[in-house]
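Novice: Build me a structure from this.
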Amino acid sequence: AEGLRRAATADVDATVYAVSTVQEELGLRGARALGVDIDPDLAVALDVTVANDVPQIGEEADAVTDLGAGTAIKLKDSSVITSPKVHGRLTDVAEAEGIEHQHEVLPAGGTDTAGFQNTHGAKPVGAISIPTRYLHTVTETADGDDIAATIDLLTAFLESETGEHDYTL
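Specialist: Here you go, the predicted model:
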């Protein structure tokens, strides 16, 4: 909500829908329904992702993301491979704005990103995630700077949308 509030004052040359979905864990039902109702030209999902960067994980490659290393720009999870052009633009915006970021490859689990990609025809999609330890527990933990970076990236992405970026598949 904060990213949208900030971007609302910018001259964004696009129609932006902000939606909250339900039943993601039950087959992405909310995202699939909205994908049909809205029929977006582009969808960017926001979610949390695994930050299991703790000693018990062992191999650094198995950590998915690191807490405190910035927002996560999703490459893929078990339900979606994000659109290369959307992923590239999110990365370019983060780098141009000096926003701390990391790339996310989640080996298991999925997000509403897939629900938007696979409804009402193929759609370009991207996702921005907040690295979170102890996901799906009562002790979920996120870093305030990662949350701020997520807000900053969403804001900068929306503010720089001209309607002329090529997201074709």
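
Novice: Flag the shaky bits of this protein, pLDDT-wise.
Specialist: Residues of the chain meeting the criterion pLDDT under 70: 26-27, 55, 58, 60-62.

Novice: Pull out the buried residues from the longest helix seen in the chain.
Specialist: When the chain is scanned for its longest helix (criterion: DSSP state H), the result is helix 144-159. Neighbour-count burial for helix 144-159 flags 146-147, 149-159 (criterion: 16 or more other Cβ atoms under 10 Å). Quick note: C-beta positions are derived from backbone N, CA and C, even for glycine.

Novice: Next, I73: phi, psi?
Specialist: Dihedral pair for I73: phi -100, psi 110, per degrees, to the nearest 10.

Novice: same question, V50
Specialist: phi -70, psi 130.

Novice: separation between it and R133?
Specialist: 8 Å (Cβ to Cβ, to the nearest Å).

Novice: Settle it for me: which of those two has more neighbours?
Specialist: V50 (24 against 19; other Cβ atoms under 10 Å).

Novice: Show me what the more buried one is bridged to.
Specialist: Taking DSSP bridges as the rule, V50 bridges to T132.

Novice: Contacts only, for it.
Specialist: V50 makes contact with V64, T65, L106, G109, P131, T132, L135, according to Cβ atoms under 8 Å, 6 or more residues apart in numbering.

Novice: burial count for the first one?
Specialist: Counted with other Cβ under 10 Å, the neighbours of V64 add up to 23.

Novice: Many thanks, we can stop here.
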